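Engineer: Here's my sequence, what's the structure:
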Amino acid sequence: MQELCLNNMPQLPYAMEEAINRLRVNVNFLGNNIRKIMLVSAMINEGKSTVSMHLWRQMAESGIRSVLLDADLRKSVISDQYDIQIKGSKSVVKHSDRKNLFGTSHYLSGDGPLEEVIYKTQFASGDIIPNFNNIINPSLLLESDRFKDMLDQLADQYRFVFVDAPPLNLVSDGERLGHYCDGAILIVHAGVTSKRLIRNCIGQLERAGCPLLGIVLNRVEGGRPGYYNKHYGKYYYGKYYYGKYYYGNEVPYYSEKK
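Structural biologist: Prediction:
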């Protein structure tokens, strides 16, 4: 198994790291039957891939065997955003080099075994399946038995399979992915994502038979820098904010002020 280095994994501010940690703890409370978890948003730029990456990282750092599956086959950002580099190489993986690397779309096209697309990382308990080669229309690949079997095999090997999915309100891929997952976490950009879009997302997940496990409200305005206070049950840590965290009927919060 080859090893990839994720060079751009900056340390999060304390409040944001703690909020992701609380999310991680609540995910662990979901029960042994919840293994394949889709992280999805309504639209682009809501922080979905950031939440996916750091939730997976924290889970791996806590010693829980986890894999991150990049299932955004049309417009993946993970390999660029996190400066993925093959261990021992002196440069990041450039677009021109990706034809020699195998990822999600390669496997779903039937061009090799699953083991060929799983990569070790610098996190001992965290493996990753990137998508190096975007494709125009992945619908048939995501509807195939090969994708379902892929998720089932990963769920047998790992305690958690975190699926980074494309936005629900842009393409139908997320709904297809949700059909094969045990549940979904919806990432919402505070003050930007409309209630109508959120309702649409919940409806899509219901049609797919994918339970909504919780909602992460991202980029909430916080308090003054260096300021800590408790006000109406909400806690402010400088310019970061998280409120009461729940799963099931209520919502975990975390944010970074833009």
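
Engineer: For the rest of this, base every contact and every neighbour count on C-alpha atoms.
Structural biologist: Will do.

Engineer: So what touches stretch 167-183?
Structural biologist: With contacts defined as Cα atoms under 8 Å, 6 or more residues apart in numbering, stretch 167-183 is touched by 33-38, 40-44, 138-139, 142-143, 148, 151, 165-166, 184, 197, 200-201, 204-205, 208-213.

Engineer: Show me what counts as buried in the helix or strand hosting Ala19.
Structural biologist: Assigned by DSSP states H and E, Ala19 falls within helix 14-28. Buried residues in helix 14-28, defined by neighbour count with 16 or more other Cα atoms under 10 Å: 15-17, 19-24, 26-28.

Engineer: can you put those residues in JSON lines and add pLDDT and distance to Glu3?
Structural biologist: Converted to JSON lines, the buried residues of helix 14-28 look like this (pLDDT from 0 to 100; distance: Cα to Cα, whole Å):
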{"residue": "Ala15", "pLDDT": "83", "distance to Glu3": "31"}
{"residue": "Met16", "pLDDT": "85", "distance to Glu3": "28"}
{"residue": "Glu17", "pLDDT": "90", "distance to Glu3": "25"}
{"residue": "Ala19", "pLDDT": "89", "distance to Glu3": "29"}
{"residue": "Ile20", "pLDDT": "93", "distance to Glu3": "25"}
{"residue": "Asn21", "pLDDT": "94", "distance to Glu3": "25"}
{"residue": "Arg22", "pLDDT": "93", "distance to Glu3": "29"}
{"residue": "Leu23", "pLDDT": "95", "distance to Glu3": "27"}
{"residue": "Arg24", "pLDDT": "96", "distance to Glu3": "24"}
{"residue": "Asn26", "pLDDT": "95", "distance to Glu3": "29"}
{"residue": "Val27", "pLDDT": "96", "distance to Glu3": "27"}
{"residue": "Asn28", "pLDDT": "95", "distance to Glu3": "27"}
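
Engineer: Count the neighbours of Gln2 for me.
Structural biologist: For Gln2, the tally of surrounding residues (other Cα atoms under 10 Å) stands at 12.

Engineer: For the residue nearest to it when sequence neighbours are not counted, list the residues it contacts.
Structural biologist: Nearest residue to Gln2, sequence neighbours excluded (Cα to Cα, 6 or more residues apart in numbering): Tyr119, at 5.4 Å. Listed by Cα under 8 Å, 6+ apart, the contact set of Tyr119 reads 1-4, 127-129.

Engineer: Among those residues, which are located in strands?
Structural biologist: Using DSSP state E, the subset of these located in strands is 4, 127-129.

Engineer: out of these, who's nearest Thr104?
Structural biologist: Using Cα to Cα, Ile129 comes nearest to Thr104 of these, at 6.3 Å.
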